[in-house]
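**Q** Provided below are the primary sequence and the corresponding predicted coordinates.
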Amino acid sequence: MEASEFQQIRHLLDDYLRMYSSRDDQLTGQFSDDFSGFTGGGQSLIQSRVEWVAITRQDFAQVPEPIRIDLKDLAIQPLADSVAVATAFFHIHLPMKDHILSRETARLVLVFHRQPGGWKIAHSSISIPYHLVREGEVYPLEGLEERNHFLEEQIAERTRQLSEANADLQRTNAKLEAEIRGHMATEVALRASEERFRQLAEIFPETIFEADTAGRLTYANEHGQQKFGLTPADFDQGYSLAEGVVTADRPLVRHRTRERLAGLTGGFMEYQAQCLNGSTFEAMAYSAPIIQEGIAVGLRGFILDVSDAKRAEREKAKLMAQLQRAQKMDGLGILAGGVAHDMNNVLGAILGMASAHQQLQPEGSPAHRAFDIIAKAATRGGKMVQSLLNFARQSPSEMRAVDLNELLQEQVHFLERTTLSRIRIELDPAPDLHPILGDPNTLTHMVMNIFFNAIEAMEAGGVLSIQTRNGDRDTVEVLVEDTGTGMAKEVLDRAMDPFFTTKAQGKGTGLGLAMVYKTVHSHQGTIEISSEPARGTQVRLCFPATRPATPAVAAAPEPARSRLEVLLVDDDDLVQSSMQEILAMLGHQVTAAYSGEEALVSLEGICLPDVVILDLNMPGLGGAATLRQLRRIHPEIPILLATGRADQTALDLVDAFPGVILLSKPFSLEELKHNLGSLGPGER
């Protein structure tokens, strides 16, 4: 009870006592409509407020003068949220000489009830030893003094008896009030708990249920009834928990239900749930036995629809696998780029020297043929390195509009000449197929990897089907399907992992489909592979379409000088040695610099070179920073930017500075001669 309510009840009590002491009945307006009270010394219960007020006024008329009331042992206690009781003992001092009533202890009990307008007095009881007076008298007014002595002994004995009875009554009342408060509090808490559980159960967005020991459903919240399509008739007909489970999972659910009732296991159980309309969903259930007097009388639990969570979990696993694959590819790309850079320097020296010395030998001579083989081997090695750079996404892509129909037809013609008659190839090109923006070389390697995998899966022969079509939202699709052995799920899941292969040792690198994935990804495309053992494999590629390219008109190169002053900047001794000899064979004068810092120092001299051949990948200042400083102090000098690992950085530098030509390693004598010829004489 709040302090303000306590004060309000105390004010009503004080006003009640003032009413009796002042003999004024104006307080009756604070009584409740259902007021009741005792009169006649606590002998008669009057249940009518009007009647009680009338009797009280008669009492007041007997003694109209004010009386004095001494109050003691006052106690105000709440019995419930809207009920309170006040008990006290008091002495009444009449306005006359009195030896009996003034020594008697009267007991006051007031019951208060909280109503919409505030607290009201609902019951009044004053216990006065009226048995000492004559019938019909409220107070002994006539001959009171004469009777006092006669009655003292009787009153004393009666007082003792009443005191003992009053003490017993107080103890009994206190115990009763405590029990009432306890029962009322328990009942209120129980009702609140039941209502709280009911509301929680009904608003819970999953199924809450109860079942008996036979597994028959006895309760399901509103969501559960709607989820499974249940009606009251289903409960009457004994709908069982097993009916909400697909047939294959029912033995498991029955077994786990028996274990739950026996108290053997706990935790969650996952299974496929089934609704009355036949629809199913992935469910996770938890239940516990309902125990009454130590015996399990049923089950209580909940069922969660985890279909979305399971779907998200599978999608997360798929994305994690893609992320791991991408991280592996990125790591291999960095490794491949570094290897390609060093290999291109070596192959550049070999190809340059071989092509240069080949021209010095008579055509058809053994030496000419030897140098030709060396040059072709170096060129082939350069293409292999180019494949590594494509894999690493660090090579300059020859991005242009590509007709996939034309590209596929060329590769199909090649396959038809090599696979003999054991493989039937069916090409179904779509008319008016949109072009895509891509690098023809890397795209060719990509489709050949897919074709070779399909052919190897059809050792006993089969059909390789290739289809193209224009997809939705400006896309181009390629579908490659074979009738080979197919792949199991565990193999399919790792098919595009780098270095993963099912072939015998020495027959596969495990990079084929990894490079396919890399190529598709670098062309902003997607790849889907589906396969089952003995049912073949299907590969679906999707690329964004582009507009047909407009043929460009090549500008004729300006005539080159017969003799050029060349500043050769490269940190590799092998490249320096081979390039100096090749340039000397072409009739040019060479100044060597092994770093960007050394090159900038040499340019401080009086004579400036006609052209600078600058390696991009060098330690120290590096090629990019050297190019920027060189262009700042000598913007007119032509520059050949040579690199064994050409990437987007190199392309950006060529676009950013005029008079810069990209020269990809390895290059032959003719390629170097052509690029030098495309440069103007320079102006100093």
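**A** It's in.
**Q** Tell me which other helices or strands the longest helix along the chain touches.
**A** For the chain, the helix with the greatest residue count under DSSP state H is helix 144-203. On a contact count with 3 or more CB pairs under 8 Å, 6 or more residues apart in numbering; DSSP states H and E, helix 144-203 meets strand 68-80, strand 83-93. All C-beta atoms are positioned from the backbone trio N, CA, C, and that covers glycine.
**Q** Mind listing what's buried along the first one?
**A** Of the residues in strand 68-80, 69, 76, 78 count as buried by neighbour count, 16 or more other CB atoms under 10 Å.
**Q** three-state assignment of residue 214?
**A** Put simply, residue 214 is coil when judged by DSSP: H, G, I helix; E, B strand; the rest coil.
**Q** Contacts only, for it.
**A** With contacts defined as CB atoms under 8 Å, 6 or more residues apart in numbering, residue 214 is in contact with residue 240.
**Q** Now do it against residue 258, distance only.
**A** Residue 214 sits 11 Å away from residue 258, going by CB to CB, to the nearest Å.
**Q** which element follows the host helix or strand of residue 470 toward the C-terminus?
**A** Taking DSSP states H and E as the criterion, residue 470 maps to strand 462-471. The first helix or strand that comes after strand 462-471 along the chain, using DSSP H and E, is strand 475-482.
**Q** Tell me which other helices or strands whichever helix or strand comes after that following strand touches.
**A** Later in the chain than strand 475-482, the nearest helix or strand by DSSP H and E is helix 489-492. Packing partners of helix 489-492 (3+ CB pairs under 8 Å, 6+ apart): strand 526-531.
**Q** Provide the strand pairings for the strand it packs on, with the direction of each partner.
**A** Strand 526-531 has the following sheet partners, assigned by DSSP bridges: strand 537-544 (antiparallel).
**Q** average pLDDT for whichever helix or strand comes after the strand it pairs with?
**A** Following strand 537-544 in sequence order, the next helix or strand is strand 565-569 (DSSP H and E). Mean per-residue pLDDT for strand 565-569: 93.
**Q** who touches strand 565-569?
**A** Contacts for strand 565-569 (CB under 8 Å, 6+ apart): 576, 579-580, 583, 588-596, 598-599, 602-603, 607-615, 618, 623, 626.
**Q** Give me the buried positions along the following helix or strand past it.
**A** Next along the chain after strand 565-569, taking DSSP H and E as the criterion, comes helix 573-585. Using 16+ other CB under 10 Å as the burial criterion, the residues of helix 573-585 that qualify are 575-576, 578-583.
**Q** ok so, going back, find out how far the longest helix of the chain is from the centre of the chain, if you would.
**A** 60 Å (CA atoms, centre = their mean, to the nearest Å).
**Q** quick check: angle from that helix to strand 68-80?
**A** 20 degrees (axes from the mean of the first three to the mean of the last three CA atoms, to 10 degrees).
**Q** returning to what we had before: format the buried residues of strand 68-80 as TSV; extra columns: distance to residue 294 and pLDDT.
**A** Output for the buried residues of strand 68-80, formatted as TSV (distance: CB to CB, whole Å; pLDDT from 0 to 100):
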residue	distance to residue 294	pLDDT
69	59	83
76	44	89
78	38	89
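**Q** which residues does the residue nearest to residue 539 when sequence neighbours are not counted contact?
**A** Among residues not flanking residue 539 along the chain, residue 480 sits closest, at 4.5 Å (CB to CB, 6 or more residues apart in numbering). Applying CB under 8 Å, 6+ apart to residue 480 gives the contacts 447, 450-451, 454, 464-466, 538-539, 541.
**Q** Can I get the host helix or strand of residue 235 in PDB, CA atoms only?
**A** Using DSSP H and E, residue 235 sits within helix 232-236. Taking Å, rounded to 0.1, in the frame of the first residue of the first chain, the C-alpha atoms of helix 232-236 are listed here in PDB:
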ATOM      1  CA  PRO A 232     -11.000 -28.300 -32.400                       C
ATOM      2  CA  ALA A 233     -12.200 -31.500 -34.100                       C
ATOM      3  CA  ASP A 234      -8.700 -32.700 -34.500                       C
ATOM      4  CA  PHE A 235      -8.100 -32.400 -30.700                       C
ATOM      5  CA  ASP A 236     -11.400 -34.300 -30.100                       C
END
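**Q** What is the nearest of the contacts of residue 480 to residue 423?
**A** Here the nearest of the contacts of residue 480 to residue 423, counting by CB to CB, is residue 464; it sits at 5.7 Å.
**Q** would a markdown table of the buried residues of helix 573-585 with pLDDT be doable?
**A** Output for the buried residues of helix 573-585, formatted as a markdown table (pLDDT from 0 to 100):
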| residue | pLDDT |
| --- | --- |
| 575 | 86 |
| 576 | 88 |
| 578 | 86 |
| 579 | 87 |
| 580 | 89 |
| 581 | 86 |
| 582 | 86 |
| 583 | 89 |
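**Q** Let me know the pLDDT of the spatially most central residue of the chain.
**A** Centroid check for the chain by CA atoms, centre = their mean gives residue 312 as the closest residue, at 8.8 Å. You'll see residue 312 listed with a pLDDT of 91.
**Q** sec struct for it, please.
**A** Classified using three-state DSSP, residue 312 is helix.
**Q** Same list (the buried residues of helix 573-585) but as JSON lines, adding distance to residue 516.
**A** Formatted as JSON lines, those follow (distance: CB to CB, whole Å):
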{"residue": "575", "distance to residue 516": "33"}
{"residue": "576", "distance to residue 516": "39"}
{"residue": "578", "distance to residue 516": "36"}
{"residue": "579", "distance to residue 516": "37"}
{"residue": "580", "distance to residue 516": "42"}
{"residue": "581", "distance to residue 516": "41"}
{"residue": "582", "distance to residue 516": "38"}
{"residue": "583", "distance to residue 516": "41"}
